[in-house]
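Asks: build me a model from this:
(one chain, ligands or ions: 1)
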Amino acid sequence: MSTTTAAIASAEAHSAHNYHPLPIVVASAEGAWMTDIEGRRYLDMLAGYSALNFGHGNRRLIDAAKAQLDRVTLTSRAFHHDRFADFCTQLAELCGMEMVLPMNTGAEAVETAVKTARKWGYRIKGVPDGRAKIIVAGGNFHGRTTTIVSFSTDPEARADFGPYTPGFEIVPYGDLTALDAAMTENTVAVLLEPIQGEAGVLVPPAGYLAGVRELTRARNVLFVADEIQSGLGRTGRTFACEHEDVVPDMYLLGKALGGGVVPVSAVVSSAEVLGVYRPGEHGSTFGGNPLACAVALEVVAMLRTGEFQQRATELGDHLHHELGLLVGGGAVDAVRGRGLWAGIDIVPSHGTGRQISERLMGRGVLAKDTHGSTIRIAPPLVISKEDLDWGLDQLKGVLAQQ
Ligand SMILES: *Cc1c(COP(=O)(O)O)cnc(C)c1O
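Replies: Residues are numbered from 1 along each chain as shown. So this is what the prediction gives:
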């Protein structure tokens, strides 16, 4: 048995099988490259679902983390600490908002948004107690908690986990008429991904986000943008909503906010909305801890220069130009996406998404399938053009093979 096979067998014997990883065992990584336990190198074209937008082992982020490790890592929110105010102030400023509520994982940010929208509905909008409704979109992915899977439309994510949390209404993604029809005086929020990542990097029809903004504003409903995967540079802008000049009422951030180092998430909104909380009503032991704040502060500083957004735009234009050439060539049905983010629908006779991912791995490229025959490409934003081209050549090679 190879060391890789042995390591995988051992992992499978002693861990729940809630994932189906590709058969690679990573030992180290730098920039856009990972090295396995047998010394083979792979180009990372997934970047931890955008958690690694700034690449593996980013010097600035690792230095910020190391410096903070030597000072103080955790205080709990029972005390103030000296990185907290800067983090909240600068993240709010990056978002053009007023207040931040820090959590750890993306799912916790979504849970926090649900609680915040309901509380805002009862306290500010005047919705009768217990009647608040939140509208979400079909095909959504917002995380894995019991409440969040309650409004998932993916049977794999949802089955066997009931009873489900009530208070959600699902409408088709991209359909403004359905959204309008679903709104009532008890609607407190519309919760959406500006681009649906897990669904296959689905970009909504032009004008959709602007339409959602108009409808929610007219009906006094909060527009909550889940930018956990789409935000922080991935699409070529700080936020995917910017592509339609839309400013939501609440941004949900996570993944890249932790710089690929620690889990950091946040709800960012106005003083009116986040001002609904009083001490004791919500919290998290690790939320807003000094280490998280130190790393996320550096992430915010890096995003403020615009250089990563610029890279994502330029490399993304190149990526989409190259992928566009593959459409209609017999192996690719369609390509979607924005910036350095693409969903590629493979013609099913060429193999399942999983098979394509395995063949890519055989050529030294790591990507991930989603929903049958879609491959998702989302390399770290620090990838070089040469490496990106090399990765695309491997994809072309795999697709040329039957
Ligand atoms: C990943 C993701 C989440 C959940 O984040 P976790 O950190 O895995 O809990 C929520 N929303 C979107 C859009 C995501 O991509």
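Asks: give me the neighbour count for the closest residue to the ligand within the stretch 151-300 of the chain.
Replies: At 3.2 Å from the ligand, residue 229 is the closest residue in the stretch 151-300 of the chain, using Cβ to the nearest ligand atom. Just so you know, the C-beta spots here come from the backbone N, C-alpha and C atoms, and that holds for glycine as well. Residues lying near residue 229 (other Cβ atoms under 10 Å) number 26.
Asks: give the contact list for the closest residue to it other than its chain neighbours.
Replies: Nearest non-adjacent residue to residue 229, counting by Cβ to Cβ, 6 or more residues apart in numbering: residue 197, 4.1 Å away. Residues near residue 197 by Cβ atoms under 8 Å, 6 or more residues apart in numbering: 49-50, 141, 229-230, 341, 376.
Asks: just give me the closest of those residues to residue 94.
Replies: Nearest to residue 94 among the contacts of residue 197, counting by Cβ to Cβ, is residue 230 at 15.2 Å.
Asks: okay, now the closest residue to residue 128 other than its chain neighbours: neighbour count?
Replies: Distance criterion Cβ to Cβ, 6+ apart; nearest residue to residue 128, sequence neighbours excluded, is residue 186 at 7.3 Å. For residue 186, the neighbour count with other Cβ under 10 Å is 15.
Asks: also residue 23?
Replies: Residue 23 - counted by other Cβ under 10 Å - has 11 other residues nearby.
Asks: and the lengthiest helix in the chain, what's buried?
Replies: Ranked by residue count under DSSP state H, the longest helix found in the chain is helix 307-326. Within helix 307-326, the residues scored as buried using 16 or more other Cβ atoms under 10 Å are 308-309, 311-313, 315-316, 319-320, 322-323, 326.
Asks: which helices and strands does it pack with?
Replies: strand 332-337, strand 342-346, helix 385-400 (3 or more Cβ pairs under 8 Å, 6 or more residues apart in numbering; DSSP states H and E).
Asks: how about 10 Å then?
Replies: Applying 3 or more Cβ pairs under 10 Å, 6 or more residues apart in numbering; DSSP states H and E, one finds that helix 307-326 contacts helix 290-304, strand 332-337, strand 342-346, helix 385-400.
Asks: contact partners for residue 153?
Replies: 136-141, 170, 172-173, 199 (Cβ atoms under 10 Å, 6 or more residues apart in numbering).
Asks: so how many other residues sit close to the closest residue to the ligand within the stretch 1-150 of the chain?
Replies: Residue nearest to the ligand within the stretch 1-150 of the chain (Cβ to the nearest ligand atom): residue 106, separated by 2.1 Å. By other Cβ under 10 Å, 26 other residues sit near residue 106.
Asks: residues touching it, list them.
Replies: Residue 106 neighbours (Cβ under 10 Å, 6+ apart): 49, 51, 141-144, 148, 226, 228-229, 252-255, 257, 263-265.
Asks: show me these that map onto helices.
Replies: Per DSSP H, the subset of these in helices is 49, 148.
Asks: these two touch, right, the residue nearest to residue 128 and residue 220?
Replies: No. Contact criterion Cβ atoms under 10 Å: residue 186 and residue 220 do not qualify, at 11.3 Å.
Asks: spatially central residue in the chain, please.
Replies: Centroid-nearest residue in the chain, with Cα atoms, centre = their mean: residue 229, separated by 1.7 Å.
Asks: check contacts around it.
Replies: Residue 229 neighbours (Cβ under 10 Å, 6+ apart): 49-51, 106, 141, 193-198, 201, 235, 240, 254-256, 341, 378.
Asks: again, only using 6 Å
Replies: Residue 229 makes contact with 49-50, 197, 255, according to Cβ atoms under 6 Å, 6 or more residues apart in numbering.
Asks: distance between stretch 240-257 and the chain's centre?
Replies: 11 Å (Cα atoms, centre = their mean, to the nearest Å).
Asks: may I see the buried residues of stretch 350-363?
Replies: Applying 16+ other Cβ under 10 Å to stretch 350-363 flags 350-351, 353, 356-357, 359-361, 363 as buried.
Asks: phi and psi next, for residue 194.
Replies: Main-chain dihedrals, residue 194, degrees, to the nearest 10: phi -60, psi -30.
Asks: that one: neighbouring residues, count only.
Replies: Neighbours of residue 194 (other Cβ under 10 Å): 27.
Asks: isn't it right next to residue 230, touching?
Replies: Yes. The criterion here is Cβ atoms under 6 Å, and residue 194 meets it with residue 230 at 5.3 Å.
Asks: identify the contacts common to these two.
Replies: Shared contacts of residue 194 and residue 230, counting by Cβ under 6 Å, 6+ apart, come down to residue 240.
Asks: and the helices in this protein?
Replies: According to DSSP H, the helices that the chain contains are 3-14, 47-50, 59-69, 84-95, 106-120, 146-150, 155-158, 176-182, 208-218, 271-274, 290-304, 307-326, 353-362, 385-400.
Asks: which one of these lies nearest to residue 346?
Replies: Using Cβ to Cβ, these put helix 353-362 closest to residue 346, at 5.6 Å.
Asks: who are the packing partners of the closest one?
Replies: Applying 3 or more Cβ pairs under 6 Å, 6 or more residues apart in numbering; DSSP states H and E, we find helix 353-362 packed against strand 368-370, strand 374-377.
Asks: rank those by pLDDT, which is bottom?
Replies: Ranked by mean pLDDT, the helices and strands packed on helix 353-362 bottom out at strand 368-370, which scores a mean of 91.
Asks: near the ligand, which residues of the stretch 101-250 of the chain show up?
Replies: Counting by Cβ under 6 Å from any ligand atom, the stretch 101-250 of the chain comes close to the ligand at 105-107, 110, 141-143, 193, 197, 226, 228-229.
Asks: can you list the weak-confidence ranges in the stretch 301-402 of the chain?
Replies: 402 (pLDDT under 70).
Asks: what residues does it put near the ligand?
Replies: Checking the stretch 301-402 of the chain against the ligand by Cβ under 6 Å from any ligand atom, there are no hits.
Asks: can you pull the pLDDT of the closest residue to residue 30 other than its chain neighbours?
Replies: In space, and not counting its chain neighbours, residue 30 is closest to residue 57: 4.9 Å by Cβ to Cβ, 6+ apart. On pLDDT, residue 57 comes in at 98.
Asks: what's the local residue count around residue 57?
Replies: Neighbours of residue 57 (other Cβ under 10 Å): 15.
Asks: separation between it and residue 182?
Replies: 45 Å (Cβ to Cβ, to the nearest Å).
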